[in-house]
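[1] build me a model from this:
(chains A and B)
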There are 2 protein chains.
Amino acid sequence: MAKPTIKELLTTAPQEQTVEVLGWVRNRRGSKQVAFITVNDGSTIHNIQVVVDLNQISEEQLKEVHTGASVRVLGKLVPSQGSGQAVEVQAQEVEVLGPADPEKYPLQPKKHSLEFVRENAHLRARTATFGAVFRVRHHVSYAIHKFFHEEGFFYVHSPIITASDAEGAGAMFRVTTLDLKNPPLTQEGEVNFKEDFFERPTNLTVSGQLEAELMALGLGRVYTFGPTFRAENSNTTRHLAEFWMIEPEAAFYDIHDNMDLAERFVKYVIRHVLEHCADDLAFLEKRLLDEEKSKKESERSPMPLIEKLNFVVENAFERLSYTEAIELLLQSKPQKKNQFQFPVSWGIDLQAEHERYLVEKHFKKPVILTDYPKEIKAFYMKQNDDGKTVRAMDVLFPGIGEIIGGSQREEDYDKLKRRMEEVGISTEEMWWYLDTRRFGSVPHSGFGLGLERFVQFITGMGNIRDVIPFPRTPGNAEF
Amino acid sequence: MAKPTIKELLTTAPQEQTVEVLGWVRNRRGSKQVAFITVNDGSTIHNIQVVVDLNQISEEQLKEVHTGASVRVLGKLVPSQGSGQAVEVQAQEVEVLGPADPEKYPLQPKKHSLEFVRENAHLRARTATFGAVFRVRHHVSYAIHKFFHEEGFFYVHSPIITASDAEGAGAMFRVTTLDLKNPPLTQEGEVNFKEDFFERPTNLTVSGQLEAELMALGLGRVYTFGPTFRAENSNTTRHLAEFWMIEPEAAFYDIHDNMDLAERFVKYVIRHVLEHCADDLAFLEKRLLDEEKSKKESERSPMPLIEKLNFVVENAFERLSYTEAIELLLQSKPQKKNQFQFPVSWGIDLQAEHERYLVEKHFKKPVILTDYPKEIKAFYMKQNDDGKTVRAMDVLFPGIGEIIGGSQREEDYDKLKRRMEEVGISTEEMWWYLDTRRFGSVPHSGFGLGLERFVQFITGMGNIRDVIPFPRTPGNAEF
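    Numbers count the residues shown, from 1 in each chain, chains lettered A, B, ... in the order given. I've put the predicted structure just below:
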């Protein structure tokens, strides 16, 4: 069996039993008589304290015990003398497995900027903040799988390399094995993709939704959980070129089933994290408070981290139509006081400031907006009888606005085909998508959640690059 | 709440209660008096039988009830008259939601070749075989997450777009936003990747291992579960250009911990599938028996499907070194009778025939081979003191041979650097990988499992293209 982790040791009853501690030194302090070494192995935010009696173990033996060094400690597990931990280890042997030269190791025990740590992404999982973030990310991911499994959804892997552009939007990365310097050309002088690996132009997927629909219209309820890509030159704190999406799709679900699913889903995942990551969340909440001390009040989070998570879990989401939301915004105080940066009128794509007003000020609960103007939504959404709107639904959260976007899908072959022609999507290339409406078409619905935005929301990290292990952004594919 | 699935209906106590059946027609038969419609919604291999009294519901109303059509049936849930199912539905209303013209719908209720069905991958989830395969694939995936979660491993997302080649092997796909027709050139006439999206050449990953190592050397125990790519022109039943890999990596694990983990892991997943997919497995076992009837005995599976799965679960894996295995093979009957296609000698890469001999004939249990010649293994494997072998481990299964490949990793900075130089891997480009051995290096181990090969093993599907929803192979990126 595997050796106990520090998380396990910290909750073991101390009976002076001999234990083995394996991990990385976070810090060392002490006096001439005694050294205190805090050790962490990534299993928990908490360090275990190793107490070394310098009369028994010489200073010489500890000379490589610096921050970042890996150690193996044999010692007795005893009740802790200090506060803040239940147990500590009285060292009998201390072995440095791998030193970390304090002149060279970049992550010294002082306050580093997140930017600096990000440049050392290969080592940052060893820090308290990123340990916490990545443990939360794990728990979010696990809860997502658990939720859908329990709801009878099957995990499907939609293709990463694709010849289609799911939404007719979003810049894409080309995938090729052609020689870029001397690509084969056709007689007309165009690149001859017949000679490419797939014998046609291929890209990295921007969404697995269309393929998820194909699967749902056979398996019933499915979800994807995979990487998606945008080749957009967006250097912001909210954009990645490579990110992970979760896209459930369910046959025989109408938009109300879909809203119910989305609400159950986000509450389930957040509740799971609240239950399983309490210590990491407490640490991250404190980190965020510290970070925001230097910010203007208007730029601070609307509420402390854990309160914000409970706000989502404890409130029934308010549901109303886009049209009703526009009415509310037009009547709102910020509108009358000219405080919105972006003007409000029917037909606009709502901005985060509008969404946040609805959530944080007006309803004081998460909001689901439905029935958006068809012009600002994708071709595959079910058309309402009014001829103007589609059966879209966006879930809006405090602090960020839209967290989930989804819809009931157009199941009528003729209406779908007409809409594709209107917006210029090739019905010939997408024959397979239309086929699902030619044969045994059924009402169905689904939505998409960006994993990183959700993890940002849950951890309070301001920059999306800090919630994915190795962020890909313009000019950056290191590690 | 969501509507009950057919899986749920089939296990509901029949009390003449009114139920709603939503699904696709699999088949219709009957007489002038009564029609029997079998309906499936993807939730289970089993269909529900709808019985229509043609005195109450006219033939006219059923005229679009063909294979592939979607229906909504209201009726009474009653004990079934026939054998093979506990309940059936006496129809009160039958509504065709989406017809499927029998002249055009490709998947008619007759025996189709897997090749034909594969060309209709957008519809194949509606067939019994592929429904079973994709449900099993879901359960395999779910059990993988559950296993690692319970073992204290954190799910990490290693990057898909990467500037490095993990193993120094395997043809890669280029990822680019450059204009292929007119790429920007340097003064020297080379493609100027400084102008590409990431300002350097980038590829699709062939393995997440190296990044998993970075994460494990901070978080302790991690695993990846993501897509990987090979741009190899291999048109076989065992190769995909895009497939999913699971790669656990654990700090402070030596090769024995690693073997224990691998054995617990595959047994856990297979046991989960045996428990949760009994009906799908029974169906797939029968399908395989039927398929193999026309094959020569030597080409048939060594044992029936479920027996083979129990064979893995019930046997302690035999562990021995590569060198010992070579000895055994040299002394073996097929070697003496000249029955091996590939010659045996120390230093060779074992072929499936050798691996299968060890598993199926000699030990009659799964086998883990260790300590392979360094020349046939990757640069990052821990070097043994003999100077000839590395601490590799391959898990061998009946029918296929290698299912898992892994190793303890070289944690010594100097040895690793020297080996990289020997095999020509840039130590400058891989500075970040070497950094983990410069700072706080620890013994660690991991392995890789190809999801599709594992699902092939569990489902008995002969062609790897039939266990992934939308296979990518040379010349094929449809859907």
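
[2] list phi and psi for the residue of the stretch 251-400 of chain A found nearest chain B.
    Closest residue of the stretch 251-400 of chain A to chain B, CB to the nearest CB: A:Phe252 (4.5 Å). All C-beta spots, glycine's among them, are computed from the backbone N, C-alpha and C. Dihedral angles of A:Phe252 (phi, psi; degrees, to the nearest 10) stand at phi 70, psi 10.

[3] list the contacts for it?
    A:220, A:442-444, B:3, B:22, B:41 (CB atoms under 8 Å, 6 or more residues apart in numbering or on different chains).

[4] from these, which would you call buried?
    A:220, A:442-444, B:22, B:41 (16 or more other CB atoms under 10 Å in any protein chain shown).

[5] got JSON lines for those residues, with distance to B:Tyr105 too?
    Below are the buried ones among the contacts of A:Phe252 laid out as JSON lines (distance: CB to CB, whole Å):
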{"residue": "A:Gly220", "distance to B:Tyr105": "19"}
{"residue": "A:Val442", "distance to B:Tyr105": "15"}
{"residue": "A:Pro443", "distance to B:Tyr105": "19"}
{"residue": "A:His444", "distance to B:Tyr105": "18"}
{"residue": "B:Leu22", "distance to B:Tyr105": "19"}
{"residue": "B:Asp41", "distance to B:Tyr105": "17"}
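
[6] let me have the residues you listed in a markdown table, adding secondary structure, pLDDT and distance to B:Met461 as columns.
    As requested, the buried ones among the contacts of A:Phe252 are exported to a markdown table (DSSP: H, G, I helix; E, B strand; the rest coil; pLDDT from 0 to 100; distance: CB to CB, whole Å):
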| residue | secondary structure | pLDDT | distance to B:Met461 |
| --- | --- | --- | --- |
| A:Gly220 | coil | 98 | 21 |
| A:Val442 | coil | 98 | 27 |
| A:Pro443 | coil | 98 | 32 |
| A:His444 | strand | 98 | 27 |
| B:Leu22 | strand | 98 | 28 |
| B:Asp41 | coil | 98 | 23 |
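
[7] between the residues you listed, which is closest to B:Ile404?
    Closest approach to B:Ile404 among the buried ones among the contacts of A:Phe252 (CB to CB): A:Gly220, at 32.3 Å.

[8] correct me, but the closest one touches B:Thr5?
    Yes: counting by CB atoms under 8 Å, A:Gly220 touches B:Thr5, with 6.5 Å between them.

[9] quick one: common contacting residues for these two?
    With contacts taken as CB under 8 Å, 6+ apart, A:Gly220 and B:Thr5 have A:152, B:41, B:43 as neighbours in common.

[10] now do the strands in the stretch 1-150 of chain A.
    Along the stretch 1-150 of chain A, the segments classed as strands by DSSP state E, counting those that start in this stretch run A:18-30, A:34-40, A:48-53, A:70-79, A:87-98.

[11] to clarify, my last question referred to the stretch 251-400 of chain A.
    Using DSSP E, counting those that start in this stretch, strands in the stretch 251-400 of chain A cover A:318-321, A:367-373, A:389-397.

[12] who are the packing partners of the longest one?
    Contacting strand A:389-397 under the criterion 3 or more CB pairs under 8 Å, 6 or more residues apart in numbering or on different chains; DSSP states H and E are the following elements: helix A:255-276, helix A:322-330, helix A:352-356, strand A:367-373, strand A:401-408.

[13] buried stuff in the second one?
    The neighbour-count criterion (16+ other CB under 10 Å) identifies A:322-323, A:325-326, A:328-329 as the buried residues of helix A:322-330.

[14] now the shortest one
    Under the neighbour-count criterion of 16+ other CB under 10 Å, helix A:352-356 has A:354-356 buried.

[15] mind checking which helix or strand whichever residue of the stretch 301-450 of chain A sits closest to chain B is in?
    Chain B sits closest to A:Ser441 of the stretch 301-450 of chain A, with a gap of 3.3 Å, by CB to the nearest CB. Using DSSP states H and E, A:Ser441 maps to neither a helix nor a strand.

[16] look at it and report its pLDDT.
    Listed pLDDT for A:Ser441 reads 98.

[17] does it touch A:Glu411 like I think?
    Yes: between A:Ser441 and A:Glu411 there is a contact under CB under 8 Å: 4.6 Å.

[18] now do the shared contacts for those two.
    Taking CB under 8 Å, 6+ apart as the contact rule, A:Ser441 and A:Glu411 both touch B:Gly98.

[19] and for A:Asn27, the neighbour number?
    Number of residues near A:Asn27 (other CB atoms under 10 Å in any protein chain shown) recorded here: 14.

[20] residue contacts, the residue of chain A positioned farthest from its centre?
    When distances to the mean C-alpha position of chain A are computed (CA atoms, centre = their mean), the maximum falls on A:Asn55, with 49.3 Å. With contact taken as CB under 8 Å, 6+ apart, A:Asn55 is in contact with A:Gln33.

[21] any low-confidence regions in the stretch 1-150 of chain A?
    By pLDDT under 70, the weakly predicted segments of the stretch 1-150 of chain A are A:1-2.

[22] who in it is up against chain B?
    A:1-3, A:5, A:7, A:22-25, A:41-43, A:68-70, A:97-101, A:104-105, A:121-127, A:130-131, A:134-135, A:137-138, A:141-142, A:145, A:149 (CB under 8 Å from any CB of the partner chain).

[23] please pick the buried ones from those residues.
    By 16+ other CB under 10 Å, the residues of the stretch 1-150 of chain A next to chain B give A:5, A:7, A:22-25, A:41-43, A:68-70, A:97-100, A:105, A:121-127, A:130-131, A:134-135, A:137-138, A:141-142, A:145, A:149 as buried.

[24] show me what contacts the closest residue to the residue of the stretch 301-450 of chain A closest to chain B other than its chain neighbours?
    Excluding the flanking residues, the one nearest A:Ser441 by CB to CB, 6 or more residues apart in numbering or on different chains is B:Gly98, at 3.3 Å. For B:Gly98, the contacting residues are A:411, A:437, A:439-442, B:69-70, by CB under 8 Å, 6+ apart.

[25] and of these, the nearest to A:Lys377?
    The closest of the contacts of B:Gly98, once distances to A:Lys377 are taken by CB to CB, is A:Glu411, at 16.1 Å.

[26] surely the closest one touches A:Ser445?
    No: look at A:Glu411 against A:Ser445 with CB under 8 Å: they stay out of range, at 9.9 Å.
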